[in-house]
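Trainee: Just need the structure, nothing else, for what follows:
(4 chains)
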Number of protein chains: 2
Amino acid sequence: MNEGVEWALHSCVNLCWIPGEPVTATRLAAFYELPAAYLNKQLQALSRAGILSSTSGPKGGFQLARRPDKITLLDIVVAVDGPDEAFRCGEILRAGPGGNPATDYRKTCLVSQAMHKAELNWRRELASQTVADIVASVEKTFPGTPENTRTWFANLKS
Amino acid sequence: MNEGVEWALHSCVNLCWIPGEPVTATRLAAFYELPAAYLNKQLQALSRAGILSSTSGPKGGFQLARRPDKITLLDIVVAVDGPDEAFRCGEILRAGPGGNPATDYRKTCLVSQAMHKAELNWRRELASQTVADIVASVEKTFPGTPENTRTWFANLKS
DNA sequence: CGGATTCTGGATATGTAATATCCAGGATAT
DNA sequence: ATATCCTGGATATTACATATCCAGAATCCG
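Mentor: Sure, this is the predicted structure:
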């Protein structure tokens, strides 16, 4: 899985603690010492997916496009890592004896279906967790984090 | 995910229908027109994992090392694709403000835990399905497959 | 208006992993 | 003995992830 997923998840969590004002890709990257230009790519993907909203120009940047409890982890994973499943059915049966060129083995192959079923369980769990859930659990376990994050961004030069 | 997982799953299913006698990597590869040398790599991985047993020399080859209902899909996935999780925690928090070099963020980071939880659901489902389940569902949906497979291997030249 | 800031998207470079092949060595059946 | 076949390492090739850069558009502020 794309490393940008981790960056995107943490950045979305951080944006929850800086509500209202846009935060630039450069500042979000500085928080974890990430390559700014590359993180920007992931933020653009989140923006295209409607998870973040972006503003150009001075005072511009990124902010959450909707409430954190309406952003699932699956939303972020799909936006950054793409919609493809981890197990890609190569329709191996087509080349085997009795293979039919017209058959869509992604649907009929029972191996493919078994793997697909597991993938659904993964996606279902990701869809059941929201950014708000993460934020709440962080605030419960590390109560100082929201304030520390806010002041860090407030004091960041440049 | 490694493409070899698909090859390994189908090959294990086919081996269920050729019980007793070893099947060479070349013949298993010919069934789906796969690159023999590369499939051999996956079969070796299955062999090292104790899923297949291998026999050298003429009349040698691979066969299942234990009953199909004792081989889970997770066993095969782990053997071929490795034990690593799809979401790799890069411990991004360590580089952030307040990051602690001594902390194992793979355990404390709540983003990491959330992704890990989803991964567990995926693995749990894979562990609950066995090769025997796949075989049974194939035999139920396509009753001719076992016999067709046996005769195909029996008639294969070289 | 004009300059500075920032996102947008495409092009491009770099590094790493997946894919694939080959070969020498050891084991085994006939 | 010889042919067959697995074993493991080395190597080549390709695809993708990672990362950077730049020109263009949008926006703020003086």
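
Trainee: which ones are touching residue A:61?
Mentor: A:21, A:22, A:23, A:24, A:25, A:27, A:54, A:55 (C-beta atoms under 8 Å, 6 or more residues apart in numbering or on different chains). Any C-beta I mention is one placed from the backbone N, CA and C, and that applies to glycine too.

Trainee: Apart from its chain neighbours, what residue comes closest to residue A:49?
Mentor: Of all residues not flanking residue A:49 in the chain, residue A:79 sits nearest, at 3.6 Å (C-beta to C-beta, 6 or more residues apart in numbering or on different chains).

Trainee: Which helix or strand contains residue A:30?
Mentor: helix A:25-32 (DSSP states H and E).

Trainee: can that helix be found next to chain B?
Mentor: Yes: counting by C-beta under 8 Å from any C-beta of the partner chain, chain B is contacted by helix A:25-32 at A:31, A:32.

Trainee: what about the residue nearest to residue A:49, how many neighbours?
Mentor: 23 (other C-beta atoms under 10 Å in any protein chain shown).

Trainee: which parts of chain A sit against DNA strand D?
Mentor: Residues of chain A lying close to DNA strand D by C-beta under 7 Å from any atom of the strand are A:2-4, A:35-38, A:41, A:55-60.

Trainee: quick one, longest helix in chain A?
Mentor: helix A:110-128 (DSSP state H).

Trainee: That helix to helix B:110-128, inter-axis angle?
Mentor: With axes from the mean of the first three to the mean of the last three C-alpha atoms, to 10 degrees applied, the angle from helix A:110-128 to helix B:110-128 works out at 150 degrees.

Trainee: tell me what helix A:110-128 is packed against?
Mentor: Counting contacts by 3 or more C-beta pairs under 8 Å, 6 or more residues apart in numbering or on different chains; DSSP states H and E, helix A:110-128 packs against helix A:73-81, helix A:105-108, helix B:4-16, helix B:73-81, helix B:110-128, helix B:131-141.

Trainee: And the helix or strand hosting residue A:37, what's buried?
Mentor: Secondary structure assignment for residue A:37, by DSSP H and E: helix A:36-48. Of all the residues in helix A:36-48, those buried under the rule 16 or more other C-beta atoms under 10 Å in any protein chain shown are A:39, A:40, A:42, A:43, A:45, A:46.

Trainee: Mind checking the helices and strands packed on helix A:110-128 for the one nearest to residue B:155?
Mentor: Closest to residue B:155 of those, according to C-beta to C-beta: helix B:4-16, at 14.7 Å.

Trainee: Since that was my last question, I'll sign off now.
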